[in-house]
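K.L.:
with the sequence up front, the predicted model follows.
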Amino acid sequence: MPESVSLTVGGRTMTIETGELAKQANGSALVRYGDQNVVLCAVTASDKPREGIDFFPLTCDFEEKMYAAGKIPGGYIKREGRPPEHAVLSARQIDRPIRPLFPDGFRNDVQIVATVLSIDPDLDADSLGVCAAGAALALSDIPFDKTVAAVRVGRDERGEYVCNPKLPEYEAGGMDIVIAGTAEAVMMVEGGGNEIAEEDFLGAVEFAHGEIRRIIKAIDELARKAAKPKREYPVVKVDADLERWVRKSFSKDVAKAMRIVDKQKREIAFGELTIDEAVARCGKKDENVRALLQDSATAKEFHKIVKAMEEDELRTMVVDEKTRPDGRKPDEVRPIWCKVHYVPRVHGSGVFTRGQTQVFTAATLGSTSDAQRLDGIVDLEDKRYMHFYNFPPYSVGETRPMRGPGRREIGHGYLAERALMPVLPPKDEFPYTLRLISEVLESNGSSSMASVCGSTLALMDAGVPIREHVAGVAMGLILKGSKYAVLTDIQGLEDALGEMDFKVAGTKKGITAIQMDIKVQGITIPIMREAMEQARKSRHAIIDKLAETIARPREELSEYAPRMIVVKIDPAKIKDVIGPSGKVINKIIADTGVEKIDIEDDGSVFITALDGASGEKAKQIVENLTRDVVVGETYLGTVTRIINIGAFVQILPGKEGLVHISQLAPTRVEKVEDVVKTGDEIMVKVVEIDGQGRINLSRKALLGGVSANGDYGARVARTAREPRDGAPNAAAPGAPPTRRRRRPHGRRDEE
């Protein structure tokens, strides 16, 4: 029978159900939240451990189905395929808090699939996916002792924390942070904001943890009623005799290798600690150990023991001896050097090097139509700022196939993207699409934060008027019993063997992006506070280095960057600029040589040109197309055609008026062609727009020939009644009536 529990979270009812859907999985849970949000999560595990591996094979998927938002996928293919970026990031948010909580040595394949069945497009379901996964694991027979849940935290206009805000709310409040944890501690943090103060961030974490405890309490209540008994799963354990022998025989080698400063030399030293070397060291009394080392089933345990020894040695160095493998103090940043405008052709570029981590970032400026269009279940705006992170194998001295970006690359790119968003100029001030690519050239830890620094350099070199320098640093944690050490600017070894990777990016005013992953069962608020204070000090020092390289954005854009000109027009006149089947806008592009013209529904016209002259020419045409003709104003017009009673003059694109023959010159004109010819440019003044919208013009008014009372209409009427070529006056008594022919658009042609 289905079971459920309910509670109020963030002003909405959250209901967690089980026993009705996906019953063949090891565990499943359905989370309903508010009126529209439903997420189903199913977890399964293989019956046997995967052989020949030394890691936990966990797979997390976040399935975004377009039907959940009542949409059909755009484009030619109408079936969901490769997960979009948002789904990848959401899957990572499920994986990161859950992975450390499985038993050590557990090697069964585990798959967690969270599927969004229904969604309010203004409410992100990623945190609901974590709650559903935590509930499904708690209800399953898979070994998993601690319950996990997550919430999103934002702020309202008063600065008060809001649980699970909608998109407009956390955009307006300048804070968007997802926190996941157990009842005892925080496991994962992901988010950012508009230069958040450290204490405000910690306050958000504490606020979130209170809500998380309430959700976990409800999940545990449901588990007591409906959970399956936990099954016995084989857990890979290291042979005790082998471990004692390896630790005794290789302790000095590990300690010596750990103290080698250079990464490559250190890895060579660790690489010499092989099974063959271990077999060679076995004496006559170690025949049982030799047999274990030569057995393929237990040979991999040797490497696991050596890795554990490396972790222990690192703890001893950092916590007890207060020194790090490269000789730095715990709060010391590696040496930094930077350069900008490293290559000539790109719009902006920067190289940021910190120790043995080096990133080259290139910035490219494009038009508004170059923005990334997002077709997903959440109503997110098109992205005008994109940051992509590439991690080629040579950056760590390895070889491997180079294919599309993996989840790690997508996650690191998004983190760097989020870090710079708050300092970008608004679209109406800088109407460009920005695409940044960070190429990791060398990596020894903290390459994602180096990408943030490289992005600042590249944007400033490109002339993008960002408000502040943004820098990032990765913090680490080493635990040894009840003692610990917080490390600033961790390198690869400290990341791999340590307990925490806490990335903090921002300006000198506050935090713009943050991400925390841990390998233990939770981090306390006091440790986070200490880490953030060290991160703040080091971030300020790194920003000073960036400012020494380039103090402010360049005044001029790169000569290779397109020029963007913005024109604001009445939305009702967009059709005048586009024309039938785009003929008008295409003609403007062809006549002026601009690259493209983009028009938005609010009347914003974005002109992209390679040079200012063509852009200004296109701007003038657009303005003229949408200008209103005003009585009393003067225009330079072109004579388009001539009739007996005057000349038609185009004064604006698509707008022409009649200069009556009597208004061509101060003196009497016998024949229109005596004064103007088709194609002539003449200055005219608008003297009347009649009730039918017809425009009457005067050239004579600009030559001093208007009557004292300015009664143009009366004078035109008198002139029109004068006989022509001996014909009787149309107004004379007994004269036959004349018939007036009209052009299809209503303009009088001739009498």
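P.N.:
Everything's here; your move. Numbering: from 1, shown residues only.
K.L.:
please count neighbours and contacts with C-alpha atoms only from this point.
P.N.:
Noted.
K.L.:
quick check: longest helix of the chain.
P.N.:
helix 198-226 (DSSP state H).
K.L.:
low-scoring stretches of the protein, by residue?
P.N.:
Scanning the chain for pLDDT under 70 picks out 296-297, 299, 704-751.
K.L.:
mind running it again at 50?
P.N.:
Residue ranges of the chain with pLDDT under 50: 705-751.
K.L.:
coming back round to it: beyond the longest helix of the chain, next helix or strand please.
P.N.:
Per DSSP states H and E, the first helix or strand lying C-terminal to helix 198-226 is helix 240-258.
K.L.:
just the buried residues of the helix or strand just after that next one, please?
P.N.:
Moving toward the C-terminus from helix 240-258, the next helix or strand (DSSP H and E) is helix 263-271. Judged by neighbour count using 16 or more other Cα atoms under 10 Å, the buried positions of helix 263-271 are 263, 266, 269-270.
K.L.:
tell me which of these is nearest to A371?
P.N.:
K263 (40.2 Å; Cα to Cα).
K.L.:
which non-adjacent residue is nearest that closest one?
P.N.:
Spatial nearest neighbour of K263, chain neighbours left out: N444 (7.5 Å); criterion: Cα to Cα, 6 or more residues apart in numbering.
K.L.:
that neighbour should be in a helix, yeah?
P.N.:
No. Under the criterion used here (DSSP: H, G, I helix; E, B strand; the rest coil), N444 is coil, not part of a helix.
K.L.:
give the contact list for it.
P.N.:
Counting by Cα atoms under 8 Å, 6 or more residues apart in numbering, N444 touches 263, 355-357, 396, 491-493.
K.L.:
out of those residues, which is most surrounded?
P.N.:
Of all the contacts of N444, the most densely surrounded is Q491 (26 neighbours; neighbours counted as other Cα atoms under 10 Å).
K.L.:
tell me how many other residues surround the nearest residue to that residue once chain neighbours are set aside.
P.N.:
Leaving aside its sequence neighbours, Q491 sits nearest to G445 (Cα to Cα, 6+ apart; 4.1 Å). Neighbour count of G445, defined by other Cα under 10 Å: 23.
K.L.:
next up, the contacts around G445.
P.N.:
357, 489-493, 495.
K.L.:
now, which of those sits nearest C131?
P.N.:
D495 (27.4 Å).
K.L.:
would you say the closest one is within a helix?
P.N.:
Yes. Applying three-state DSSP, one finds D495 inside a helix.
K.L.:
number of residues surrounding it?
P.N.:
23.
K.L.:
distance check, it against P392.
P.N.:
19 Å (Cα to Cα, to the nearest Å).
K.L.:
so what touches the one helix or strand R536 maps to?
P.N.:
Assigned by DSSP H and E, R536 belongs to helix 525-549. Helix 525-549 is contacted from outside by 198, 202, 206, 331-333, 336-340, 453, 457, 469-475, 486-488, 504-508, using Cα under 8 Å, 6+ apart.
K.L.:
for E190, what is the enclosing helix or strand?
P.N.:
strand 186-196.
K.L.:
how big is the angle separating that strand from helix 525-549?
P.N.:
Angle, strand 186-196 to helix 525-549, by axes from the mean of the first three to the mean of the last three Cα atoms, to 10 degrees: 40 degrees.
K.L.:
what about the longest strand seen in the chain, distance to the chain center?
P.N.:
The longest strand of the chain (DSSP state E) is strand 37-49. Taking Cα atoms, centre = their mean, to the nearest Å, one finds the center of strand 37-49 at 30 Å from the center of the full chain.
K.L.:
give me the contacts around stretch 51-58.
P.N.:
With Cα under 8 Å, 6+ apart, stretch 51-58 has contacts from 95, 99, 105-112, 297, 300, 304.
K.L.:
try stretch 150-166
P.N.:
9-10, 122-124, 127-128, 130-131, 169-170, 172-181, 204, 207-208, 211-212.
K.L.:
narrow those residues to those in strands?
P.N.:
Per DSSP E, the subset of the contacts of stretch 150-166 in strands is 9, 175-181.
K.L.:
A149 and R214 touch, don't they?
P.N.:
No. Using Cα atoms under 8 Å as the test, A149 is too far from R214 to be in contact (9.3 Å).
K.L.:
in terms of neighbours, single out the busier of those two.
P.N.:
A149 (31 against 15).
K.L.:
roughly how far does the nearest residue to that one once chain neighbours are set aside sit from L30?
P.N.:
Nearest non-adjacent residue to A149, counting by Cα to Cα, 6+ apart: C131, 4.4 Å away. Going from C131 to L30 by Cα to Cα gives 10 Å.
K.L.:
thinking again about what came up before, off-centre distance for the strand holding E190?
P.N.:
15 Å.
K.L.:
next, count neighbours for V684.
P.N.:
Residues near V684, counting by other Cα under 10 Å: 27.
K.L.:
I'd assumed N696 was in contact with it.
P.N.:
No. If you go by Cα under 8 Å, V684 and N696 don't touch, sitting 9.8 Å apart.
K.L.:
neighbours of Y635, how many?
P.N.:
18.
K.L.:
over to V594?
P.N.:
Around V594 there are 23 residues (other Cα under 10 Å).
K.L.:
out of everything not next to it in sequence, what's closest to it?
P.N.:
According to Cα to Cα, 6+ apart, the nearest residue to V594 is A609 (4.5 Å).
K.L.:
phi and psi next, for that neighbour.
P.N.:
phi -140, psi 150 (degrees, to the nearest 10).
K.L.:
quick one: contacts for it?
P.N.:
562-564, 593-596, 615.
K.L.:
let me know the closest of the residues you listed to L365.
P.N.:
P562 (7.1 Å).
K.L.:
isn't the closest one right next to I607, touching?
P.N.:
No. Using Cα under 8 Å, P562 is not in contact with I607; the gap is 9.7 Å.
K.L.:
among those two, which residue is more densely surrounded?
P.N.:
Each of P562 and I607 has its neighbours counted (other Cα under 10 Å); I607 has more, 27 against 23.
K.L.:
that one - nearest residue in space that isn't next to it in sequence?
P.N.:
In space, I607 is closest to I597, 4.6 Å off (Cα to Cα, 6+ apart).
K.L.:
who's in contact with that neighbour?
P.N.:
585, 589, 605-608.
K.L.:
for E688, same thing?
P.N.:
E688 neighbours (Cα under 8 Å, 6+ apart): 631, 695-697.
K.L.:
out of those residues, which is most surrounded?
P.N.:
Neighbour-wise, these (other Cα under 10 Å) top out at L697, 30 neighbours.
K.L.:
gap between that residue and E670?
P.N.:
In terms of Cα to Cα, L697 sits 18 Å off from E670.
K.L.:
circling back to that earlier point, make a markdown table from the contacts of N444 and add distance to A551 and secondary structure to it.
P.N.:
Formatted as a markdown table, these follow (distance: Cα to Cα, whole Å; DSSP: H, G, I helix; E, B strand; the rest coil):
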| residue | distance to A551 | secondary structure |
| --- | --- | --- |
| K263 | 32 | helix |
| G355 | 22 | coil |
| Q356 | 25 | coil |
| T357 | 23 | strand |
| V396 | 32 | helix |
| Q491 | 28 | coil |
| G492 | 30 | helix |
| L493 | 33 | helix |
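K.L.:
relative to F250, which of the residues you listed is nearest.
P.N.:
L493 (18.8 Å).
K.L.:
which residues touch that closest one?
P.N.:
444-445.
K.L.:
give me the distance between it and V343.
P.N.:
Distance from L493 to V343, by Cα to Cα: 32 Å.
K.L.:
same thing with I177?
P.N.:
Taken as Cα to Cα, the span from I177 to V343 is 37 Å.
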